[in-house]
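sequence and predicted structure below; questions after.
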Amino acid sequence: MSRYVAAIDQGTTSTRAMIFDHAGTVIAVDQREHSQIFPRAGWVEHDPAEVWENTRAVVAGALAKGDLTAADIAAVGITNQRETTVVWDRATGEPVYNAIVWQDTRTDRIAEELGQLGGGQERYREKTGLPLATYFSGPKIKWILDNVEGARERAEAGELAFGNMDTWILWNMTGGTDGGVHATDPTNASRTLLMDLETLQWDSEIAAEMGVPLSLLPEIRSSSEVYGTVRARGALAGVPIAGILGDQQAATFGQACLTPGEAKNTYGTGNFVLLNTGNDKVLSNNGLLTTVCYQLGDAKPVYALEGAIAVTGSLVQWLRDNLGMIGSAAEIEEHARTVEDNGGAYFVPAFSGLFAPYWRSDARGAIVGLTRFVSKGHLARAVLEATAFQTREVIDAMNADSGVALTSLKVDGGMVVNELLMQFQADILGVEVIRPVVAETTALGAAYAAGLAVGFWESEDAIRTNWAEDKRWQPALDETRREAEYRNWKKAVTKTFDWVED
């Protein structure tokens with residue numbers, strides 16, 4: 001009898017395979033980083049072939065570490081970096097171009113030109129829940145078709161396929177050129193600017209305006225159903241692939257935010273706050289995204305409001321890799337603890353513009369408030385505080401849109417091991433911050449979606465039962481200082497605007 005469920009977590013900086021038991025406990029994990037390609041300022045790419053090879057390697061590695069075989073696995077789920085765009089040849093399986101990553105800003109002109117057709121940044125929001133921005137997949141597809149020689153003609157002839165990373169992994173795992181399944185789920189499809197949130201189908205009018213042939217797009221299926229089985233060449237041969245969730249929706253699912261009004265924040269490469277709004281889609285008036293949270297089988301879709309922050313954990317990585325100020329991510333907390341506050345310095349990491357709630361692609365990063373007093377410790381603290389301040393901005397917008405004030409925040413992701421950050425997050429929000437026992441809930445959410453589809457877990461109640469608290473932080477900053485710090489941050493943000501003129 002199969003005793004476990006596996007999940008593939010294809011992220012922005014690495015790919016990981018994790019295996020869980022019925023209690024949601026991690027049994028085994030294997031992980032590999034992949035190359036970050038920066039052809040020019042504002043461009044970010046990944047090699048899809050490298051990602052696929054890493055996926056195969058980590059799946060085999062996790063099974064080996066757990067001393068398991070495919071027979072032990074009931075199902076496998078996929079979760080992925082959203083919006084990252086791959087276009088490949090159906091006959092050869094070769095990508096026509098590198099994957100264009102969600103952080104990439106090269107499609108700014110495309111978004112601007114589409115907005116000039118009428119409605120500006122809000123042109124597609126009513127149908128898609130999204131503003132016109134470089135973040136999403138649709139303009140990235142258009143850029144590839146417009147700029148790769150012969151790509152548009154081949155796409156229109158039906159020779160090419162598009163997918164976010166979930167679709168790329170699914171297609172390869174189920175056979176690739178030999179009958180691979182070309183499908184996605186509504187959480188990923190809702191991040192393309194091409195899906196109608198009401199019908200959960202591709203919108204032919206928007207696709208035509210973007211010059212994206214419908215034949216290029218994958219079939220949209222639910223987030224929890226059997227899409228196909230792993231082909232014989234894989235370590236999981238014969239195992240059903242039964243769950244797909246975009247990474248932030250997967251974390252929401254893994255955090256058991258299954259009731260309207262429940263919210264989580266994932267601290268990863270970027271930060272992503274999601275608020276479950278139930279079967280009602282709430283269009284934002286405050287710079288948030290309306291997205292599909294999940295759809296289980298034939299059930300009605302569950303929607304969410306989302307605040308997407310581009311640079312949080314990757315700011316720590318930048319401090320380590322680009323400046324050499326720290327030797328490892330863990331060191332930043334050590335340096336930050338050498339000082340009592342930020343010394344008046346604020347770091348706004350608008351490396352690829354600002355996402356929610358501003359959506360300013362013209363912004364670029366800035367450190368403000370510098371004096372001779374500011375030390376390495378103050379800068380380390382400013383880096384951590386930037387994550388908490390950006391989260392506060394998104395939570396304020398979420399409270400305004402939903403009409404309900406958040407009373408606590410569930411947190412997950414790699415950065416939640418940083419206890420100084422978690423305490424400051426509680427301080428600047430003025431609410432409790434709660435960390436679960438399993439902090440890496442993204443893979444767990446994908447495992448839950450797959451397990452529910454094959455009956456490994458009986459219902460959503462099993463997910464609620466599995467969720468367990470590890471630690472919580474109470475706000476300890478008085479309101480006067482909290483609001484003064486936040487005003488300074490808001491002032492610092494304005495200094496990043498209008499930097500890019502073309």
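Cool, the structure landed. Numbers count the residues shown, from 1 in each chain.

which parts of the stretch 201-350 of the chain are helices?
Taking DSSP state H, counting those that start in this stretch as the test, the helices found in the stretch 201-350 of the chain are 204-210, 247-254, 313-321, 331-336.

comparing those helices, which comes out most buried?
Greatest average neighbour count among these goes to helix 247-254 (a mean of 32), per mean count of other Cβ atoms under 10 Å. (C-beta placed from N, C-alpha, C; glycine too.)

what is the rounded mean pLDDT of it?
Regarding helix 247-254, the rounded mean pLDDT is 92.

pull the residues that contact that helix.
Contact with helix 247-254 is made by 9, 11, 77, 79-82, 187, 223, 245, 264, 266, 268, 272, 274, 276, 291-294, 304, 306, 308, 412-413, 438, 441-449, 463, as judged by Cβ atoms under 8 Å, 6 or more residues apart in numbering.

please apply the same query to stretch 142-158.
85, 87, 89-90, 96-97, 100, 106-107, 110, 160, 210-213, 215-216.

which among those end up buried?
Buried by 16 or more other Cβ atoms under 10 Å: 85, 87, 90, 96-97, 100, 106-107, 110, 160, 210, 212-213, 216, out of the contacts of stretch 142-158.

would you list these in a markdown table and tack on pLDDT?
Listed next are those as a markdown table, based on pLDDT from 0 to 100:
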| residue | pLDDT |
| --- | --- |
| Thr85 | 97 |
| Val87 | 98 |
| Arg90 | 97 |
| Val96 | 97 |
| Tyr97 | 97 |
| Ile100 | 97 |
| Arg106 | 92 |
| Thr107 | 94 |
| Ile110 | 93 |
| Leu160 | 97 |
| Met210 | 94 |
| Val212 | 96 |
| Pro213 | 96 |
| Leu216 | 97 |
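
so which of those residues sit within strands?
87, 100, 160 (DSSP state E).

returning to what we had before: from the buried ones among the contacts of stretch 142-158, which is closest to Phe373?
Distance to Phe373 across the buried ones among the contacts of stretch 142-158 (Cβ to Cβ) is lowest for Arg106, with 39.5 Å.

which non-adjacent residue is nearest the closest one?
With Cβ to Cβ, 6 or more residues apart in numbering as the criterion, Arg106 has its nearest non-adjacent residue at 5.4 Å, and that residue is Trp43.

how far away is Ser215 from Glu53?
Computed as Cβ to Cβ, to the nearest Å, the Ser215 to Glu53 distance reads 28 Å.

do Lys471 as well
Per Cβ to Cβ, Lys471 is found 37 Å from Glu53.

for Val273, same thing?
Applying Cβ to Cβ, the value for Val273 to Glu53 is 33 Å.

out of those two, which sits in the busier spot?
Between Val273 and Glu53, counted using other Cβ atoms under 10 Å, the more crowded position is Val273 (28 against 15).

and the more buried one, what does it touch?
Val273 neighbours (Cβ under 8 Å, 6+ apart): 263-265, 306-307, 309, 391, 394-395, 398, 409.

what's across from it in the sheet?
Asn265, Gly307 (DSSP bridges).

do you know how far Val394 is from Asp401?
11 Å.

next one: Gln36
33 Å.

could you do Leu130 as well?
14 Å.

who has more neighbours, Gln36 and Asp401?
Asp401 (21 against 15).

and that one, what helix or strand is that in?
If you go by DSSP states H and E, Asp401 is part of helix 376-402.

skip the chain neighbours and tell me the closest residue to Ala397.
The shortest distance from Ala397 to any non-neighbouring residue, by Cβ to Cβ, 6+ apart, is to Asn286 (3.8 Å).

now for that neighbour: which residues touch it?
Counted by Cβ under 8 Å, 6+ apart, Asn286 has contacts 357, 396-398, 400-401.

what about the closest residue to Glu122 other than its chain neighbours, how many neighbours?
Closest residue to Glu122 apart from its sequence neighbours, by Cβ to Cβ, 6+ apart: Pro131 at 6.5 Å. The number of residues packed near Pro131 is 23, by other Cβ under 10 Å.

wasn't Pro131 part of a strand?
No: under DSSP: H, G, I helix; E, B strand; the rest coil, Pro131 falls outside any strand and is assigned coil.

distance check, it against Arg481.
Taken as Cβ to Cβ, the span from Pro131 to Arg481 is 34 Å.

next: Asp67.
From Asp67 to Arg481 the distance is 53 Å (Cβ to Cβ).

low-scoring stretches of this protein, by residue?
Within the chain, the stretches with pLDDT under 70 are 1, 232, 502.
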